[in-house]
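> Here is a sequence together with a model predicted from it:
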Amino acid sequence: MIEKNGIVVDVDEIQSGIFILKVKSSQIAYEVKPGQFCNIKVNNSLTPFLRRPFSVCEVENDIIFFQFNLVGEGTKLLSQKKNGDLLNIIGPLGHGFNYSGNYENVIIVAGGIGAAPFPLLINNLSKDKKVATFIGGKSKKDLIKYKLKNIFASTDDGSEGFCGNVVQLLESEIHKYEKSKTKIFACGPNAMLRALSKFTIANGFDCEISTESVMACGFGICQGCNVEGANSENFFLICKDGPVFKAEDVKL
Amino acid sequence: MNNIELSVKIGNLTLQNPILLASGTVGYGSEISEYTDLSKIGGIVTKSISLNPRKGNPPPRITETASGMLNAIGLANVGLEEFIKTKIPFLKNIGSTLICNIAASSIEEYVKCVKALNDEDTVKAFEINVSCPNVKDGGLIFGNNVKNVRLITEKVRVATNKPIIIKLSPNTSSIKEFAQAAKDEGADAVSAINTFVGTAFDIYTRMPKIKNITGGLSGAAIKPIALAKVLEISRNVDIPIIGIGGIMNWQDAVEFMICGASAVQLGTVNFINPNASVEIINGLKNYCSKTKLEKISNLIASYLI
């Protein structure tokens, strides 16, 4: 759907350079599933020209939350929105996480702003699931913990938690989890997802990864956000076939 | 004024209004139909169809530029057989005119595709893509050579009685010669223009922002150039023109018609506002009403120079 008049309710800088944008849109709030995203026109001008895709971070009644960091002009403009501003949003889009099933443990792996879709996932998991969240960042200030549960942190410079990357941290802890009773959900930079997929495929863990790409439309008509399928025979579109894929289905 | 006549003619083809959706920007119609009422538009031009399926180019395929974007999708498409089997059934029922865009690597392939689709009643016209900048075989290799455009038009003309529209490249020194060649060989119209070859680099990695290195520039940034190409054809060649290039709103559409376009195609704007077509049609109605224009076709090539 197109929400032409999503009303900005709040923009909050939760930590240096990391923002939560809250927008009132009852229909998107009602429809959205964890891992889905919205494509937002940040203003009405030709600059920036295209929409910007953001996964939905959380839903509270009829308000949807987006978590983002400052990257360029689009995110800068979003960070400056005021209560009452209107936003044109297309969403919810794409296929989210498949979190049904009989597993007991949920492992979340998030690199940097890749933490964005997980508060909504955690809220939607059945209460009997045990959640562990592995987060990684360059340094302590890059770790995003917003509404995550049971956190294990890693930093490249060792300023907090495990010194190294988040996949290495997971590898050091994975012996505690029985693979038949565990499902892994991940989001982060391609290098992280690549390393993680290699590990989960080699060790037989069920793993879903949320991918990202530059996008124009967000719903399959521009064909700009392709990712190669594992068999190299075809491309998937991240917006329509993803953004969430089984780790073994795509070649990042 | 209640009875504003919005219909226009492109050769023998009548469109209920001059707003078409451009090839490669609406797939085969199904995705965008969730956001706009296709029965209200003048017509839809399909994603380029080739004889065999094409996988398209590896990522990244697009990047944003100032008031525009570069794309190098590489004519990714399902191929002729799959198009007939799975896409035509949906397109049959959209309640709007269907124009099939054909891309090929050889003259024989153009002819084969046109012949195979000629018996499909749903297909009302063909747009022949001789101007894709993003494939190694075909595309611009044809579109940059007036002899090739002449030959392709001649061969396709023999293969069908349906209207033929030749989609021209702006990446040439004299677009009017290409339009004249298309007319001489029996084309019913030309579409002007396809995208401009452009590129963009990341200044830190020093690598191109799209894998194909160059891509086609589209969007608001190209409108003044597209308009000049349409005007050049209009002033020199007697052939209906379908104007394309950076149309973002109804004012842009009016401007193209004044400069010589009988109809226009919306491309990149569909990515930003998938309901732009219907909004622009409403804008055209209001414009006609305000300026006391009974027929929108009176706008075509109405420039005062």
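Arrived safely. All figures in this text were calculated on a predicted structure; none of them were measured in a lab.

> Could you use CA atoms for every contact and neighbour count after this?
OK.

> tell me the contacts of B:Tyr35?
Counting by Cα atoms under 8 Å, 6 or more residues apart in numbering or on different chains, B:Tyr35 makes contact with A:1-2, B:274-275.

> Next up, the contacts around the closest residue to B:Leu51 other than its chain neighbours.
In this structure, B:Leu51 finds its nearest non-sequential neighbour in B:Leu80, 5.0 Å apart by Cα to Cα, 6 or more residues apart in numbering or on different chains. Contact analysis of B:Leu80 by Cα under 8 Å, 6+ apart lists B:49-53, B:113.

> is it possible to export the residues you listed to JSON lines including neighbour count, distance to B:Phe201 and pLDDT?
Output for those, formatted as JSON lines (neighbours: other Cα atoms under 10 Å in any protein chain shown; distance: Cα to Cα, whole Å; pLDDT from 0 to 100):
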{"residue": "B:Ile49", "neighbour count": "28", "distance to B:Phe201": "30", "pLDDT": "94"}
{"residue": "B:Ser50", "neighbour count": "24", "distance to B:Phe201": "31", "pLDDT": "94"}
{"residue": "B:Leu51", "neighbour count": "23", "distance to B:Phe201": "34", "pLDDT": "94"}
{"residue": "B:Asn52", "neighbour count": "15", "distance to B:Phe201": "33", "pLDDT": "93"}
{"residue": "B:Pro53", "neighbour count": "16", "distance to B:Phe201": "30", "pLDDT": "93"}
{"residue": "B:Cys113", "neighbour count": "24", "distance to B:Phe201": "37", "pLDDT": "96"}
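
> Tell me the one of the residues you listed nearest chain A?
Within the contacts of B:Leu80, the smallest distance to chain A is 10.5 Å, found for B:Pro53 (Cα to the nearest Cα).

> contacting residues around the residue nearest to that closest one when sequence neighbours are not counted?
Sequence neighbours aside, B:Gly79 is the residue nearest to B:Pro53 in space, at 3.8 Å (criterion: Cα to Cα, 6+ apart). Residues counted as contacts of B:Gly79 (Cα under 8 Å, 6+ apart) are B:49-54.

> give me the low-pLDDT residue ranges for the stretch 51-200 of chain A?
By pLDDT under 70, the stretch 51-200 of chain A has no low-scoring segment.

> Same question for chain B.
Across chain B (using pLDDT under 70), the flagged ranges come out as B:1-2, B:133-141.

> Which positions in it make contact with chain A?
With Cα under 8 Å from any Cα of the partner chain as the criterion, chain B meets chain A at residues B:24-27, B:31-32, B:34-35, B:55, B:58-69, B:71, B:73, B:220, B:270-272.

> Show me just the buried residues among these.
The neighbour-count test (16 or more other Cα atoms under 10 Å in any protein chain shown) marks B:24-27, B:32, B:35, B:55, B:58-65, B:67-69, B:71, B:73, B:220, B:270-272 as buried among those.

> List the buried residues of the lengthiest helix in chain A.
Under DSSP state H, the helix in chain A containing the largest number of residues is helix A:190-203. Going by neighbour count (16+ other Cα under 10 Å), the buried part of helix A:190-203 is A:190, A:192-194, A:196-197, A:199-200.

> in its sheet, what does the next helix or strand after that helix sit against?
Using DSSP states H and E, the helix or strand that follows helix A:190-203 towards the C-terminus is strand A:206-210. Counting by DSSP bridges, the strands paired with strand A:206-210 are strand A:182-187 (parallel), strand A:244-246 (antiparallel).

> How about the secondary structure of whatever residue of the stretch 101-250 of chain A ends up closest to chain B?
Using Cα to the nearest Cα, A:Cys217 is the residue of the stretch 101-250 of chain A that sits closest to chain B, at 4.2 Å. Three-state assignment for A:Cys217 (DSSP: H, G, I helix; E, B strand; the rest coil): coil.

> so who does the residue nearest to it when sequence neighbours are not counted touch?
Spatial nearest neighbour of A:Cys217, chain neighbours left out: B:Phe271 (4.2 Å); criterion: Cα to Cα, 6+ apart. Neighbour list for B:Phe271: A:50, A:216-218, A:221-222, B:25 [criterion: Cα under 8 Å, 6+ apart].

> go on, A:Val131?
Counting by Cα under 8 Å, 6+ apart, the residues that A:Val131 touches are A:105-108, A:122, A:149-150.

> which SSE is it in?
Here A:Val131 is assigned to strand A:130-137, by DSSP H and E.

> about what we covered before: got the contacts of B:Tyr35 as TSV, with secondary structure and distance to B:Ala253 columns?
Formatted as TSV, the contacts of B:Tyr35 follow (DSSP: H, G, I helix; E, B strand; the rest coil; distance: Cα to Cα, whole Å):
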residue	secondary structure	distance to B:Ala253
A:Met1	coil	26
A:Ile2	strand	23
B:Pro274	coil	16
B:Asn275	coil	15
